[in-house]
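# okay, here's the prediction I keep looking at, along with the sequence it came from:
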Amino acid sequence: MSHRIRNHLGRRFRDLSLIRKIMFIYISISALPILILGIALVSQEGRTLRISARSAVRQTLMQSTAQMLSDIRVYDNLANYVAYNQSVSDVLSSNYNGRSFELYEQLNKTVDPILTSPTYFSHGINGITIYVDRDIPEHGDSIAPLSSIKDKKWYRDNRADFGAASVILIDKKEDKVRLVRTMPLMEQNGVNGILCLELDYNDFFGEYKDICGKGQGLFVFNKDGEAIYRAGEAGKIKNSGAYFKRETYDGHYIVKRRISGTGLTAAIYTGIGFSPAQHKTVILAFLAYIAIVASTLYIASVLFNHYVVEDISALGKNMVEVGKGNRTITVKSDSADEIGDLIRGFGSMLDEENVLIKENYENKLALRKSEMKALQAQINPHFLYNSLSLINWKAIEVGADDISSITLALSNFYRTSLNRGKNVLTIEKEIENVKSYIAIQLYMHDNSFDTVIDIDEEILPYETLNLILQPLVENAIDHGIDMKESGRGYIKIIGRQDQDTIVLTVSDDGVGMDEETAEKITTFKSHGYGLANVNERIKLFYGEKYGVKVKSRVGFGTICTITIPKIHIKDKNQT
């Protein structure tokens with residue numbers, strides 16, 4: 001029986017064509033090294049993926065921690081300004097000898113504006129209180145006697161640490177974060193004082209909120225190893241102390257980073273093994289390897305065929321030219337066999353790749369330019385906020401209300417423009433941004449034009465790109481209203497919604513422009529770079545069907561219409 005089977009298989013093998021015999025022999029001989037190399041490939045790919053995943057987690061944690069420290073420095077700078085404010089120290093150190101009304105008046109006029117101003121520039125501050133070691137009545141939430149907190153646990157347990165340097169105190173039970181320091185100028189006047197900034201708990205740890213991926217979790221530990229904040233899947237873990245003490249635990253790899261100056265340590269964990277996506281990557285890499293080897297064996301076998309050798313050689317020369325960067329070659333074949341199909345397929349692929357490379361390069365180049373302009377606007381925002389805050393406080397101190405109003409408008413404009421480095425915000429915030437910009441322009445133009453802002457309240461929570469209205473308003477002022485020879489100008493901003501889209505219009509009654517200029521102004525072929533940039537950003541972000549359209553008539557004004565998809569910020573975050 002076995003002899004008959006061998007004879008049958010031998011006969012079948014002898015009847016095969018030469019090419020198929022060669023392919024069979026090559027595949028049989030190469031099976032073992034292919035298997036060994038495949039296993040080595042999978043092992044190496046696995047190590048690479050694990051190293052890459054750990055490096056990504058470490059980099060993410062480092063960046064989030066750096067941003068958190070930057071926020072803490074902002075809070076510390078605001079606390080320093082209040083602590084070293086001579087006016088505040090003089091009011092709280094003076095002896096009023098029963099002149100309660102005079103004290104009350106000084107608190108309202110001098111102290112309250114200074115203690116309230118920091119909240120305009122940092123939404124993470126819930127309140128500021130100065131506790132004074134003297135007989136002084138409580139004044140709202142801003143002034144209180146020191147005796148009112150002497151029995152409080154946060155003061156009693158940490159009073160020895162209070163000094164000229166700020167101390168961060170975190171109360172997990174009450175979900176409160178406090179930044180506490182002394183008042184040195186008051187101490188010079190013989191009166192002790194404690195300055196306390198109460199910070200929003202979730203905002204304080206906000207940089208860590210969304211950094212965890214699937215299968216990852218984050219802890220923030222205090223100096224005693226107690227988990228005071230959790231994110232990602234960390235809420236499911238009860239034995240958090242093990243993640244504070246170890247580098248690996250329960251199938252997890254743990255990355256830690258100290259938050260300097262706070263006594264806190266952030267620890268993020270991720271799985272040691274492969275994720276489903278990584279498993280898929282390894283399998284695809286192995287299959288790709290097998291496919292490459294099999295193709296190589298096939299090419300080696302067909303080398304015995306003279307005509308195939310010629311076709312393969314011609315194809316190889318074309319590939320070499322492409323590898324050198326010459327993508328203009330023409331690849332053709334009149335052969336009807338598989339090699340001819342391969343050559344023609346390569347030619348079609350090369351043509352398609354040339355089209356895709358051109359489109360991808362142009363899109364990336366445009367996106368890079370837009371991102372670079374956004375980055376240039378985000379340089380050192382905290383220094384800008386501190387500077388504007390200083391100008392505002394100084395203006396309040398000297399009673400320059402107009403300077404204070406301009407400063408607050410400018411601060412709000414830059415706060416919404418920078419948007420923490422994000423490209424997307426709500427329409428409500430974008431309207432706040434353009435209102436601040438218009439307020440500044442009205443000061444600059446001595447209220448020489450009128451504005452109408454009519455926005456459907458239902459669209460306020462929806463998404464938009466930041467800084468898309470301001471360039472249109474700026475263009476309306478500079479090239480429309482300012483060019484008028486007589487009469488007051490007006491700017492009208494309208495926001496409405498259709499079934500699937502949101503439409504924002506900016507119109508003016510300026511000098512207008514001809515039809516040809518209106519058609520070109522949304523492209524980079526014109527000098528209207530602001531409009532062109534807005535139009536390009538919308539198309540890159542939302543698609544070609546959205547963007548900016550301009551209609552204008554000479555002597556009658558201009559209407560700019562923005563169309564974007566209707567996307568609710570809340571729904572998008574849930575998705």
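Looks like it arrived, so ask away.

# any idea how far the closest residue to residue 217 other than its chain neighbours is from residue 137?
Among residues not flanking residue 217 along the chain, residue 234 sits closest, at 3.2 Å (CB to CB, 6 or more residues apart in numbering). Quick note: C-beta positions are derived from backbone N, CA and C, even for glycine. According to CB to CB, to the nearest Å, residue 234 stands 45 Å off from residue 137.

# compare these two (neighbour count), which wins?
Neighbours around residue 234 and residue 137, counted as other CB atoms under 10 Å, are more numerous at residue 234. The numbers are 20 against 11.

# report the contact partners of that one.
Neighbouring residues of residue 234 by CB atoms under 8 Å, 6 or more residues apart in numbering: 212, 217, 218, 219, 227, 240, 269.

# local confidence estimate at residue 37?
For residue 37, the model assigns a pLDDT of 71.

# swap in residue 54?
So residue 54 comes in at 80 (pLDDT).

# I'd like to know how many residues surround it.
Residues near residue 54, counting by other CB under 10 Å, number 14.

# in a strand, that's where it is, yeah?
No: the assignment for residue 54 (DSSP: H, G, I helix; E, B strand; the rest coil) gives helix, which keeps it out of a strand.

# separation between it and residue 188?
52 Å.

# again, but for residue 201
Counting by CB to CB - residue 201 and residue 188 are separated by 34 Å.

# of those two, which one has the most company?
More crowded of residue 201 and residue 188, by other CB under 10 Å: residue 201, with 19 against 10.

# tell me the contacts of the more buried one?
Applying CB under 8 Å, 6+ apart, the residues near residue 201 are 175, 176, 177.

# so how far is residue 124 from the residue nearest to the first one when sequence neighbours are not counted?
Spatial nearest neighbour of residue 175, excluding adjacent residues (CB to CB, 6+ apart): residue 201 at 4.3 Å. Separation of residue 201 from residue 124 (CB to CB): 10 Å.

# now do the helices in the stretch 1-150 of the chain.
Listed in chain order, the helices of the stretch 1-150 of the chain (DSSP state H, counting those that start in this stretch) span 2-14, 18-83, 86-93, 100-106, 112-121.

# meant to ask about the stretch 401-550 of the chain, not that
With DSSP H, counting those that start in this stretch as the criterion, the stretch 401-550 of the chain has helices spanning 401-418, 427-444, 470-476, 515-520, 529-542.

# ok, which of those helices comes nearest residue 555?
Proximity to residue 555, assessed across those by CB to CB, is greatest for helix 515-520 (13.2 Å).

# packing partners of the closest one?
Judged by 3 or more CB pairs under 8 Å, 6 or more residues apart in numbering; DSSP states H and E, helix 515-520 is in contact with strand 547-553.

# give the pairing partners of the strand it packs on; include direction for each.
strand 557-565 (antiparallel) (DSSP bridges).

# the inter-axis angle of the strand it pairs with versus helix 427-444?
160 degrees (axes from the mean of the first three to the mean of the last three CA atoms, to 10 degrees).

# which residues does strand 557-565 contact?
In contact with strand 557-565 (CB under 8 Å, 6+ apart) are residues 463-465, 468-469, 472, 475-476, 480, 500-513, 518, 531, 534, 538, 542-543, 545-552.

# got any ranges where the stretch 1-150 of the chain has weak pLDDT?
1, 13, 16-24, 26-28, 30-32, 34-35, 38, 42, 45-46 (pLDDT under 70).

# number of nearby residues for residue 469?
Residues near residue 469, counting by other CB under 10 Å: 25.

# got a list of what it touches?
430, 431, 433, 434, 493, 504, 506, 562.

# do you know how far residue 213 is from residue 71?
23 Å.

# same deal with residue 172?
19 Å.

# so what's the residue count around residue 211?
Residue 211: 17 neighbours (other CB under 10 Å).

# same thing with residue 83?
By other CB under 10 Å, neighbour count at residue 83 equals 21.

# could you measure it against residue 113, distance?
16 Å.

# ok so, going back, ok but the residue nearest to residue 217 is inside a strand, no?
No: secondary structure assignment places residue 234 outside any strand; it is helix (three-state DSSP).

# what residues sit buried inside stretch 457-472?
459, 462, 463, 464, 465, 466, 467, 468, 469, 470, 471, 472 (16 or more other CB atoms under 10 Å).

# again, but for stretch 199-206
In stretch 199-206, counting by 16+ other CB under 10 Å, buried: 199, 200, 201, 203, 204, 205, 206.

# tell me the domain boundaries of the protein?
For the chain, automatic domain parsing gives the domain ranges 84-204, 311-369, 422-574.

# show me how far the first one is from its chain's centre.
Between the mean C-alpha point of domain 84-204 and the mean C-alpha point of its chain there is a distance of 34 Å (CA atoms, centre = their mean, to the nearest Å).

# with the last one instead?
For domain 422-574, the gap between its own C-alpha mean and the chain's C-alpha mean amounts to 24 Å (CA atoms, centre = their mean).

# circling back to that earlier point, mind checking the helices of the stretch 1-150 of the chain for the one nearest to residue 164?
helix 18-83 (8.0 Å).

# got the angle for that closest one vs helix 2-14?
Using the same axes, to 10 degrees: helix 18-83 against helix 2-14 is 80 degrees.

# output the helices of the stretch 1-150 of the chain as a markdown table; include the columns distance to residue 340.
Compiled in a markdown table, the helices of the stretch 1-150 of the chain are given as follows (distance: least, CB to CB, whole Å):
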| stretch | distance to residue 340 |
| --- | --- |
| helix 2-14 | 29 |
| helix 18-83 | 16 |
| helix 86-93 | 87 |
| helix 100-106 | 95 |
| helix 112-121 | 71 |
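
# so which of those helices gets nearest residue 252?
helix 18-83 (10.8 Å).

# in terms of secondary structure, what does that closest one contact?
So helix 18-83, by 3+ CB pairs under 8 Å, 6+ apart, packs with helix 112-121, strand 125-132, strand 176-182, strand 193-199, strand 252-259, strand 264-271, helix 276-302, helix 381-398.

# so which of the helices of the stretch 1-150 of the chain comes closest to residue 567?
Of all these, helix 18-83 comes closest under CB to CB, at 26.0 Å.

# next, the angle from the closest one to strand 252-259.
30 degrees.

# poorly predicted segments of the stretch 401-550 of the chain, please.
Looking at the stretch 401-550 of the chain by pLDDT under 70, you get 401, 408-412, 414-421, 524-529.

# and for residue 324, the neighbour number?
Based on other CB under 10 Å, the number of other residues close to residue 324 is 8.

# distance-wise, check it relative to residue 569.
On the measure of CB to CB, residue 324 and residue 569 end up 49 Å apart.

# same question, residue 109
In terms of CB to CB, residue 109 sits 40 Å off from residue 569.

# when these two are compared, which one has more neighbours?
The neighbour count for residue 109 versus residue 569, taken as other CB under 10 Å, is higher for residue 569 (17 against 13).

# before we move on, the earlier item: any idea how far the residue nearest to residue 217 lies from residue 135?
For residue 234, the distance to residue 135 - CB to CB - is 48 Å.

# and residue 496, by the same measure?
Distance from residue 496 to residue 135, by CB to CB: 60 Å.

# which of those two has more neighbours?
Using other CB under 10 Å, the more surrounded residue of residue 496 and residue 135 is residue 496, with 14 against 7.
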